[in-house]
Structures are given as structure tokens and as C-alpha cells.
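Engineer: Predicted structure and sequence below. I'll ask about it afterward.
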Amino acid sequence: MEVRHGPPEAVEQDEIVTEDNVYDKYDEAMGFFPGQVVADLTVSFFLLVVIVFLSYVVPVPLTEPADISTTTYIPRPEWFFFFYDQMLMFFPGYAFISFGAVTIPLLFFLTLVALPWMDRGPDYSISKRPFIAVIGFLIIMTVIFNMFLTLTRIPNFPG
């Protein structure tokens, strides 16, 4: 094994990069400032414009002020907790609340954290990484399915 001293050389204009020398050369570096900063600011600006536009066109409906003396109020989850609320529907009852509210989401989170170490292959193509592709697809489909199930329950929420 050859030990390299100093930084690698840059790729020349007509040089062919193969699997053997791909780690020996680097592409031309692009400075973080101002190129990347300008690109990030541009995308952030357009996202801000879209959010402001949507907040103006589709305002949030306001309800009556909170009344702490009522006993008939049934709380509804916010949209970003819909999948979590649906997990509690899968595991009803006092005995299963800790399982549905703590254990399953913890396993879900640990799976997301462990994904980079589950498949450490150098390939970036999804077709060459079927294990990670299937795991990622199942995670995404689980979240979407839980959100869909909760959205079907919204018309039945009281209030």
C-alpha cells in the first residue's frame, strides 16, 4: 500500500478518471463563499416567498378562545403529530400506550440513525443498494400511510 504525502493533485483537463485512480485526484474546488452562500440565500429567499404567499392565500382558521372550564373539549393533534397520533390508534389501551408512544417511535428513530452503518458500500446507485432502498422505501411508506390514516379520521374529530 502506497502512502501519499501531501495533498492529492488536481484532475487535468483531458485526464480519464477510472476506478483505480478516482481517490488519487480531486475535482476543481469551488469556494464556499460566495458561490454556495449565494445559492443557499437564493433558494431560502424563494422558499420564504412561497411560505409568505401561502400564508396570505390560505390563512389559518381561528377558533374561539380557549376555555379552561369546559369538560367537553376533545383535543386534536397538530398536523405534524398526525403519524404519532395514529400510532396510538394502533395500540389502544393503557397497557399499550408506552409501546405505541415510546417503543415503536424509538425503534423507528434508531433505524434512521443506523441506516448509514447498515450498508457501507461505495455505490450511490439505488439499483446497487437494494437493502437500503427497501428500508428507506418502507420508512417513507409507513409515515405516509400513518398520515393518510389520520387524515381519514379528521372528519370524525369532534368540534
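Structural biologist: Received, thanks.
Engineer: Helix or strand next in line after the least confident helix or strand in the chain by mean pLDDT, which one?
Structural biologist: The least trusted helix or strand in the chain, going by mean pLDDT, DSSP states H and E, turns out to be strand 25-26, with a mean of 60. Next in sequence after strand 25-26, counting helices and strands by DSSP states H and E, comes helix 37-57.
Engineer: I'd like to know which elements the biggest helix by length in the chain is packed against.
Structural biologist: Scanning the chain for the helix with the most residues, using DSSP state H, yields helix 130-153. In terms of contacts (3 or more C-beta pairs under 8 Å, 6 or more residues apart in numbering; DSSP states H and E), helix 130-153 is packed against helix 82-90, helix 104-118. The C-beta positions use only the backbone N, C-alpha and C, and glycine is treated the same way.
Engineer: As CSV, the ones you listed with distance to residue 54, mean neighbour count and mean pLDDT would be great.
Structural biologist: Shown next, in CSV, are the helices and strands packed on helix 130-153 (distance: least, C-beta to C-beta, whole Å; neighbours: other C-beta atoms under 10 Å; pLDDT from 0 to 100):
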stretch, distance to residue 54, mean neighbour count, mean pLDDT
helix 82-90, 19, 17, 78
helix 104-118, 28, 11, 83
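Engineer: show me where pLDDT drops low in the chain?
Structural biologist: For the chain, the stretches with pLDDT under 70 are 1-15, 17, 21-30, 157-159.
Engineer: hang on, the earlier thing: reformat the helices and strands packed on helix 130-153 as TSV; add distance to residue 141.
Structural biologist: Below are the helices and strands packed on helix 130-153 laid out as TSV (distance: least, C-beta to C-beta, whole Å):
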stretch	distance to residue 141
helix 82-90	12
helix 104-118	13
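Engineer: and of those helices, who's closest to residue 74?
Structural biologist: Across the helices and strands packed on helix 130-153, residue 74 has its closest neighbour in helix 82-90 (12.3 Å, C-beta to C-beta).
Engineer: which outside residues touch the closest one?
Structural biologist: With C-beta atoms under 8 Å, 6 or more residues apart in numbering as the test, helix 82-90 has contacts from 77, 97, 100-101, 104-105, 143, 146-147, 149-151, 153.
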